[in-house]
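# quick one, fold the following:
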Amino acid sequence: MTRPGAGGRIEVICGCMYSGKTEELIRRMRQVMIARQPCRIFTPRLDTRYSFGHIASHTGATLGAVPVSSINEVLAQADAAQVIAIDELHFLEDTAEAILAGCQHLADQGMRVIVAGLDQDYRAAPFPGMMQLMAVAEQVDKLYAICVRCGAYATRSQRLINGRPAPTDAPTLVVGGLDLYEARCRSCYEPGR
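Below is the predicted model of the structure:
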């Protein structure tokens, strides 16, 4: 972990499904709240798996959050905050360039920007917005899950349809949990056809 400077910064928490990204975001934001730093937490409107208006981990931990669809909504509501948190960044409707520009703007204004999200889609291809933020962030933490097949570190999110790998032409964004996704290592990951 890097030691935060006095100015703005971008922190990226990334990894595959079930790696603890939201748990880590919640942990950091609880520290921010204990320190009484003004903060705003945002969650994509699209993510309604566990609770609307909260960031929620697969283990049940939650924090209240403002539902948004785009980085522009974050920018419009970021005033007076020292810390901005965005969960499931890959679900925002914006282009990678817009996400990058928005997060850079917030950090350039002196804010600590913490984002969490998948670094790869179900095809094991990088999510462009996360990829660009990882390149400019002051801190990047890649978390790992455990492969459900062999127990190795998992770095991939295997989407399943009727127990088989999703085809490569399926939609990129499909909200789901254990019903649709498994954490898998490189060796156990099966590309769709």
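# which residue comes closest to the residue nearest the centre of the chain once chain neighbours are left out?
Among the residues of the chain, G117 comes closest to the average C-alpha position under C-alpha atoms, centre = their mean, at 1.5 Å. Once its chain neighbours are removed from consideration, G117 has its nearest residue in L89; the separation is 3.7 Å (C-beta to C-beta, 6 or more residues apart in numbering). (Glycine included, C-beta is placed from N, CA and C.)
# ok, which stretches of this structure are strands?
Listed from the start of the chain, the chain has strands (DSSP state E) covering 9-15, 39-44, 54-56, 62-64, 66-68, 83-86, 112-118, 139-143, 145-146, 153-154, 156-161, 164-165, 181-184.
# mind telling me which of these the model trusts least?
Sorting those by mean pLDDT places strand 54-56 lowest, at a mean of 85.
# restrict stretch 52-68 to CA atoms and write it as CSV.
Provided in CSV are the C-alpha atoms of stretch 52-68 (Å, rounded to 0.1, in the frame of the first residue of the first chain):
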residue,chain,number,x,y,z
PHE,A,52,-30.7,-0.6,-4.3
GLY,A,53,-29.0,2.5,-2.9
HIS,A,54,-26.2,0.5,-1.2
ILE,A,55,-22.9,-1.0,-2.1
ALA,A,56,-23.1,-4.6,-1.1
SER,A,57,-20.6,-7.4,-0.9
HIS,A,58,-21.4,-11.0,-1.6
THR,A,59,-20.9,-11.7,2.1
GLY,A,60,-23.6,-9.2,3.1
ALA,A,61,-21.6,-6.1,4.1
THR,A,62,-23.3,-2.9,3.0
LEU,A,63,-22.9,0.9,3.0
GLY,A,64,-25.4,3.5,1.8
ALA,A,65,-24.6,4.8,-1.7
VAL,A,66,-26.1,7.0,-4.4
PRO,A,67,-27.2,5.1,-7.5
VAL,A,68,-25.8,6.7,-10.7
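# alright, calling it a day.
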